[in-house]
Every structure is written in C-alpha cells, then in structure tokens.
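K.L.:
Just to be clear, the model below is a prediction. Sequence and coordinates:
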Amino acid sequence: MKYIDEFRQKNAAQAILKKIHEISKKKCNIMEICGTHTHAISKYGIRNALPPNICLISGPGCPVCVTSAGDVNRVIEFSKREKDVILATFGDMMRVPGTESSLQEQKAAGRDIRVVYSPLGAIDIAMAKPEKEVILFAVGFETTVPTVAATVLMAKDKGIKNFSVFALHKLTPPAMKALLDLGELNLHGFICPGHVTTIIGANAYRFIAEDYHAPCVVAGFEPLDAIHGLYMLVKQLEEGRNDIEIQYKRVVTWNGNVKAQKIIEQVFEICDSSWRGIGTIPMSGLRLKEEFADFNAEKRFGIKSETFEKPLDMILDLRLDNGDLKSEIQTGCACGEVLRGLLIPNQCPLFGKVCSPETPVGPCMVSFEGTCAAYYKYEFLQST
Amino acid sequence: MKHDRILLSHGSGGKLSYQLIHEIFLKAFGNEFLSPLNDQAVFSLPASRLAFTTDSYVVNPIFFPGGDIGKLSVCGTINDLAVGGAEPLYLSVSFIIEEGLLVEELKMVVDSMSRTAKHAGVKIITGDTKVVERGKGDKLFINTTGIGVIKDGINLSPLLIRPGNAIIVSGSIGDHGIAILSHREGIQMKIPVESDCAALHGLVKDVISQSNGILAMRDPTRGGLATTLNELVSSSGCGMIIEESAIPVKEEVKGACEILGFDPLYLANEGKLIAIVSKDSANTVLEAMQKNPLGRNASIIGAVVDAPQGKVLLETSIGNRRILDMLSGEQLPRIC
C-alpha cells in the first residue's frame, strides 16, 4: 500500500456513487464539518456526482477561517511590538484579514514574519536567533494541538528562553454543539473529521446521536473515503438510524490517541474562544496552563485578550471606513450564514464579485480550504 | 581572485570589476562576440523572423537538487525561445550580486551557466554586473535575455488552437517545485526529487522536424500546468477537457504534495512543455517526444473543446468533472 492511489480508484468510486443513487430517497442536508472534506469533495467533483436530493453543507471546520479578526489584530500587535520579534506562522494565516491589515501586509511593511510548516520550525528559528523573541502563532483544531504541546515541552526541556506561543486552538465538539443549539439549522447528519477524531476518538460525538438524534460518520479524506462515508451516512438516514460510525477505520478508534490527549492535557486547559462568523463559543478553545506561562506570548508581552466580540461586525466596521467596498459590504458578506450551513457560498451576493481568493472579504474565502474558496476554485463557473 | 567574497568594489567599474570580469566571466563565457568587451555585442542573424525574450531569476536557494540559479537562467530563457519554435542563438546575462557572496559560489554558478550554454549550443555575448550592499539583495539575482531565429514555415500561436486538437505534456510535472521546496524546508525524502531544469530546444526541434501539426507550445513554469492551460484557453477562446489520470506525476512528487498540501498541477516546472497539436498528428508528435530523453514520459492529457469557452475542465481521477482554475495567490515564492 502506498496510500496514494488506492483510495482514488475510479471504478470503486463510481460503484459507490451508483449505490448512493440507488438507496437515497429522502431529501437531506448533510454537513461536512471539516474544511479538508470540503476541499476533497470539491477537488474530486463529488458534489455534482450526488443525487439532487442530497445537499452538502460545509461546516466551520477550517481553523484559519474561524480565527477572528480581533485575534488577527492581536497577532499583528505582537509583530509590531518589539523590533526584535520574529513571528512564526502557518502559511495560510498570512492572508487572513484583521480589521485593518493582514500578516502579509505587515510582512511587506518590514515586520519579521516567517512561514513554518511545523511548530518545530519555530524552535529552530529561536535556537538560530537567540537574540530575537520568536512567537509561534498557533491555530488549529485537536489535530494540530499535540505537536504544539510537544513543541512547548521541548522548549521547556531545552531551556529555550526566547520562544513563546500565541495559542488560538479550537475544539470541534463544542462548535458542533453550538451549531446544533442555534436551532437555525436544518441538518440531518454529519460527516465528522477524520484526523481530529484520530486524536479525540469517535466517542466524542455520542452526544450528537443521543441528544440531537443526528447520525455521524467519521470519514477519511481520500475521495473513496469521502464517498464511502457519505454512503454510510445516507444508509443510516434511509434506515432511520442515529448511530456513530467510523468509515476511516485505518486510523480512527473509539477512544482516540490517548498519548496525544495526555500531552494536550499536560500543556493546555479549556477556555472560551472567539469564532469568526459565529461569535464566542463557551469552552471551545485551549490556552496554555499557568505552569507554562513563560511560553505564553499573551502573558509575556501583555497583550490582553478580547474575548467578547462580534467578529463579522468588525469586518463590517473595517470596510465601512474603507470607502469603495462600503455599499457591497452593507448588503452582505454572508460568511456567518455559510459557516452555520444556512447558505451555500454562491448564494452570497459578494461571492465571485467583490470577494474572491485574490481579494477575500470574509473568512470562508481566505483559506484555500475555506468553504467559499473551495467553491470558487473548483465549482465556480463565471457566466459567459 | 584576491578576495574570498564579493565586495562592493567588485561592482565599482574599477580594478576589482576588471578582475572579476576577466577571471570569472570571460574565463567561463569567452567567445568572439563577448571577448572584445565592447559596450555591445555586434552580430548578424541568418533569418528575418526573430524571437526575443527576457527573464529574471531570483530562486532561493541558489543551489538546489538538479540545478542552480545559473543553469536555470540559461535553460529558462532558452525554453521561452524554444516554445515559440525558435532556435536559440545568443544570450545576454546580467548579475545583481549581494555584497558578501562567496566568490567560490559565484564561480560555481558561472561555470554551470557556461556548461549549460555550451551544451545547448548558445553563446553568451554581452553582460553586466552590479553589486548591492549586504541585506539589499539575496546572494544573487540573474537576468538573461535571449534571441533566436524562427525558420520559414514555422508558425506557432494560441490563436491557431481549435476544438478537437490534442494536448500533450512532455513529461512528469511538479518536479522543480517540490525539489526547491523540499530543499528549502529541509524535508528529507527517501527518493529525493530533483529539479527537471533542462533546455528544451532539442526536443522542440525533434518534434517540429517530425510533424507540422503543432499549433502552439508553452512551458508551464510558475503557476504550473493548470495556470498555463488556462492562459491557453483564454487566448484561444476555446475550452479544454483534461484527464487527471493521464497527467504524469512522479510517485515521490505525489507523496511530497500529500504531505505538504500542494497540488502538482500548480507546481512550477523548468524542463517541460505543453504542445497543442492537431488530432491527426497527435501520435506522431507523442512518439517523436518519447524518443528524446527529455520527453520520454510524454503523454496526451486531453483535448481542446468548443465549450465552456475560456475554461479548463478536469475529469478527476475518480471520474467526476470539475473546473481547473488558475493559481490564486502565491503558492511558493521565489521558485525561479
């Protein structure tokens, strides 16, 4: 097994799609929580291959998209704060708009902002530049957290003094609960994120089946995984079952990666977190524990957190000051609705007009895996 | 050379400049046009139709698996001429050197340029050198400009593309992008990916001599195959259908893309070309390409269609269709 082409076999994919067409009778809305599923569905043209009674809705599962404008502002403050600060970030965060600027604009203005592919890359920079303060801008769901936790432990172990973390990690199950509690949704089932579940275990979704009576299937990210996961979910819906099922059995278990969970618990504690397009969700984020305060950039540099904010309003405020975009914005960036599954991207009046991957207005267009960017890149056909 | 590193004085026009030109540049590039060191090269050309192109090279790092900035700067400009159907003859070269560059590194780059140019049968006939203060450049930037002649009867243009034409790519895609990125990020792979950096005029010559059914050619550098195909549809007014499973991608490039989150269709190539050919001559062109080592893995990847106009459709590996868009934003800065 090379784990590349095996899960992209045309015949198998078409056979499962055919089965979905055969069994699917009910009209249903299915949410894929994770941005990587959204991406795979678009990249392999899966959406268009499903029967018309199945509607796929993309959830708030892209960590870049849900980072609030206020948090981007704060990280920009870090980069400006001292001239000897190096900010290490994952590449996708570079384009995310704060209220007035983005990291890529700050980099062009001379701030030392560097893209790393792994949190350990920030440690390497810190060790190579002992005279600089290196701040890792850490975003991501449960999948990313263990590596950041391990990086903090490593920094502590090695006695690295010039390294700290600005952690904006978010948790998946509380966001799903918040969406379900909003009551504004018309969702019948969930495709749950494969890699997040590798860490937290599929039991984490029990409450969805038990309290909200919606079936869940944990699926992998290869096209065959996604199609197979959809088949399993549609089958449950047709049979009237509300079970938690694992399609992605080659990596996902019911209890998850206990070692990774322990390392998260050792370094982080749960806190409220601000989600772009949704607002503050209680107990949906992670912050460094007090014993790691030396590595907490917020404590070290004294930039206070703005926990309560209305992120979308902040985007509106920004653009209102900004003249020419004013009228369009007032009529509407619909990222809040897209993230809650109330609208699909091309129902937003800005989609493909003022808002595109080159000039993203809202969070869903910002990341390559954002719902709107995925729609734009793979499915948007300009009217000709 | 007395100094180990390039000093600002090497760009001053004085004694050190003289030394640099004689001991490094002339030694490597010397020929009847360059050696008199006039302010210009004077030459005559054997044809009335010329191709003329320029490109600047800022790749980071300057040495990478499968090549270096020098080889790239010669091949890149040759390829821009070659895909227009031209036979490349002469290059100019302009160096912008950051103060402090090791003279040894400059020598390696210059020797590599000289080797590549000799092997390709082109001459470097005029040049310039500037030195900027440390911190104002990044080691070395190179500009090359090239001139070539187009034989009578050869006429390549995207305007000639018509529905029904076949689309051929000359080999595996994404090698250069992954070679640079993995080297830059220190990613160790079991099978290291080398840049495909190569001069393609020999391949073009082989193909053109076998068939007059070639309508247009491009080299898919920055932005990759997907972006180049989109450029071709937007200038031709046709559409394209590409079959993903027919696009050659090396296993190790696929693997690296999976790890790093890149799509090989958007990665830079430096030794590949795309040819749009009439349906009847597709197999002849393909066979001619495959006989040349640089086109060994050539493949017919799709066809030109009339609708949707100006769009490239991809038949994905699992058999569904979607739009293949241009690259948005920057995937990898300073790739060439």
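P.N.:
Happy to help now that I have it.
K.L.:
near chain B, which residues of the stretch 151-300 of chain A show up?
P.N.:
Within reach of chain B by Cβ under 8 Å from any Cβ of the partner chain, the stretch 151-300 of chain A has these residues: A:223-224, A:227. No exception for glycine: its C-beta is placed from N, CA and C like everyone else's.
K.L.:
Which part of the stretch 101-250 of chain B gets nearest to chain A, residue-wise?
P.N.:
B:E185 (5.7 Å; Cβ to the nearest Cβ).
K.L.:
burial measure for that residue, as a count.
P.N.:
13 (other Cβ atoms under 10 Å in any protein chain shown).
K.L.:
what do you get for B:G237?
P.N.:
Neighbours of B:G237 (other Cβ under 10 Å): 12.
K.L.:
quick one: it and B:P308 touch, right?
P.N.:
No - assessed by Cβ atoms under 8 Å, B:G237 is found out of contact with B:P308, at 11.2 Å.
K.L.:
Disregarding residues adjacent in the polypeptide, which is nearest to B:G67?
P.N.:
B:C197 (3.8 Å; Cβ to Cβ, 6 or more residues apart in numbering or on different chains).
K.L.:
same question, B:I161
P.N.:
That would be B:S236: by Cβ to Cβ, 6+ apart, it lies 3.9 Å from B:I161.
K.L.:
how many other residues sit next to that neighbour?
P.N.:
B:S236: 23 neighbours (other Cβ under 10 Å).
K.L.:
next one: the one 5 residues further on
P.N.:
Here the neighbour count serves as a burial measure; for B:I241 (other Cβ under 10 Å) it reads 17.
K.L.:
low-scoring stretches of chain A, by residue?
P.N.:
Residue ranges of chain A with pLDDT under 70: A:82, A:183, A:185, A:303-332, A:367-369, A:378-384.
K.L.:
From A:E184, how far off is the most centrally placed residue in it?
P.N.:
Nearest to the mean C-alpha position of chain A, by Cα atoms, centre = their mean, lies A:C62 at 1.9 Å. According to Cβ to Cβ, to the nearest Å, A:C62 and A:E184 sit 20 Å apart.
K.L.:
same thing with B:S35?
P.N.:
78 Å.
K.L.:
residues contacting the closest residue in space to B:A47 that isn't next to it in sequence?
P.N.:
Leaving aside its sequence neighbours, B:A47 sits nearest to B:V149 (Cβ to Cβ, 6+ apart; 3.9 Å). By Cβ atoms under 8 Å, 6 or more residues apart in numbering or on different chains, the contact set of B:V149 is B:45-47, B:49-51, B:86-87, B:89.
K.L.:
Leaving aside the residues adjacent along the chain, what's closest to whatever residue of chain A ends up closest to chain B?
P.N.:
Scanning chain A for proximity to chain B using Cβ to the nearest Cβ identifies A:G45 as nearest, at 3.1 Å. Among residues not flanking A:G45 along the chain, B:N320 sits closest, at 3.1 Å (Cβ to Cβ, 6+ apart).
K.L.:
now swap in B:M240 and tell me
P.N.:
Here the residue nearest B:M240, using Cβ to Cβ, 6+ apart, is B:V312, at 4.6 Å.
K.L.:
wait, that neighbour sits on B:A226?
P.N.:
Yes - taking Cβ under 8 Å as the definition, B:V312 is a contact partner of B:A226 at 7.2 Å.
K.L.:
Identify the contacts common to these two.
P.N.:
B:324-325.
K.L.:
Neighbour count for these two, which is higher?
P.N.:
Taking other Cβ under 10 Å, B:V312 and B:A226 do not tie; B:V312 has more neighbours (26 against 23).
K.L.:
Quick check: that one vs B:S170, distance?
P.N.:
B:V312 is 18 Å from B:S170, by Cβ to Cβ.
K.L.:
Can you name the residues that contact the residue nearest to B:G67?
P.N.:
B:66-67, B:71-72, B:75, B:176, B:270-271.
K.L.:
residues from the stretch 201-336 of chain B in reach of chain A?
P.N.:
So the stretch 201-336 of chain B meets chain A at B:245, B:251, B:254-255, B:258, B:260, B:263, B:308-311, B:314, B:316-323, B:325, B:328-329 (Cβ under 8 Å from any Cβ).
K.L.:
try the stretch 51-200 of chain B
P.N.:
Counting by Cβ under 8 Å from any Cβ, the stretch 51-200 of chain B sits next to chain A at B:E185.
K.L.:
For the stretch 51-200 of chain B, give me the ranges with low pLDDT.
P.N.:
For the stretch 51-200 of chain B (pLDDT under 70), the answer is none.
K.L.:
Tell me where chain B has strands.
P.N.:
B:50-57, B:63-64, B:67-68, B:87-98, B:123-132, B:140-149, B:166-169, B:214-218, B:239-243, B:274-277, B:299-305, B:312-315, B:321-323 (DSSP state E).
K.L.:
Next, the angle strand B:87-98 makes with the first one.
P.N.:
Compare the direction of strand B:50-57 with that of strand B:87-98 by axes from the mean of the first three to the mean of the last three Cα atoms, to 10 degrees and you get 30 degrees.
K.L.:
Run the chain-centre distance for strand B:50-57.
P.N.:
Centre-to-centre, strand B:50-57 and its host chain are 11 Å apart (Cα atoms, centre = their mean, to the nearest Å).
K.L.:
Could you list the buried residues of it?
P.N.:
B:51, B:53, B:55, B:57 (16 or more other Cβ atoms under 10 Å in any protein chain shown).
K.L.:
same deal with the fifth one?
P.N.:
Of the residues in strand B:123-132, those with enough neighbours to count as buried (16+ other Cβ under 10 Å) are B:123-127, B:129, B:131.
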